[in-house]
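In: Got a sequence here, can you build the structure:
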Amino acid sequence: MKTTIDISNSLFKEIKTVAQKKDTTFREIVETSLRLFLSLQKKTTKNFKLKNNSFKGNGLAEGLEEGDWSSIRKRAYEGRGG
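Out: Alright, predicted model coming up:
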């Protein structure tokens, strides 16, 4: 397949120089680079899993209700000047 890419002149010249020294083609360097990029993407996009860092206990402290952030915040700052 043919396509057009727009890269800087300096990068193009550098790749052409490397290609000549390595006795390969610009195309081969571009294809190898793209394959490497894709393989790195696969390695870095593993499914994220959150570590279970929960602690033992029975939920919220006595007198607090789930979602009652005002009371939770008040209790958290109790005795700390807040």
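
In: which helices and strands sit right next to whichever strand or helix holds residue 11?
Out: Take DSSP states H and E as the rule and residue 11 turns out to sit in helix 9-21. With contacts taken as 3 or more Cβ pairs under 8 Å, 6 or more residues apart in numbering; DSSP states H and E, helix 9-21 sits against helix 26-44. C-beta here means a position set from N, CA and C on the backbone, and glycine is covered the same way.

In: How about residues contacting the helix it packs on?
Out: With contacts defined as Cβ atoms under 8 Å, 6 or more residues apart in numbering, helix 26-44 is touched by 5, 12, 15-16, 18-19, 22.

In: Using JSON lines, lay out those together with neighbour count.
Out: Shown next, in JSON lines, are these (neighbours: other Cβ atoms under 10 Å):
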{"residue": "5", "neighbour count": "6"}
{"residue": "12", "neighbour count": "12"}
{"residue": "15", "neighbour count": "16"}
{"residue": "16", "neighbour count": "13"}
{"residue": "18", "neighbour count": "12"}
{"residue": "19", "neighbour count": "16"}
{"residue": "22", "neighbour count": "10"}
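
In: one step back: what's the angle from the helix holding residue 11 to helix 26-44?
Out: If you take axes from the mean of the first three to the mean of the last three Cα atoms, to 10 degrees, helix 9-21 sits at 100 degrees to helix 26-44.

In: mean confidence for stretch 68-82?
Out: The average pLDDT within stretch 68-82 is 83.

In: Can you find the helix or strand in this protein with the smallest mean pLDDT?
Out: Lowest by mean pLDDT, DSSP states H and E among the helices and strands of the chain is helix 69-76, with a mean of 86.

In: Kindly format the C-alpha coordinates of that helix as CSV.
Out: What follows is helix 69-76, C-alpha atoms only, in CSV (Å, rounded to 0.1, in the frame of the first residue of the first chain):
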residue,chain,number,x,y,z
TRP,A,69,-20.3,13.7,53.3
SER,A,70,-21.0,16.6,55.5
SER,A,71,-21.0,14.4,58.6
ILE,A,72,-18.0,12.4,57.4
ARG,A,73,-16.0,15.6,56.7
LYS,A,74,-17.0,17.0,60.1
ARG,A,75,-15.8,13.9,61.9
ALA,A,76,-12.6,13.8,59.9
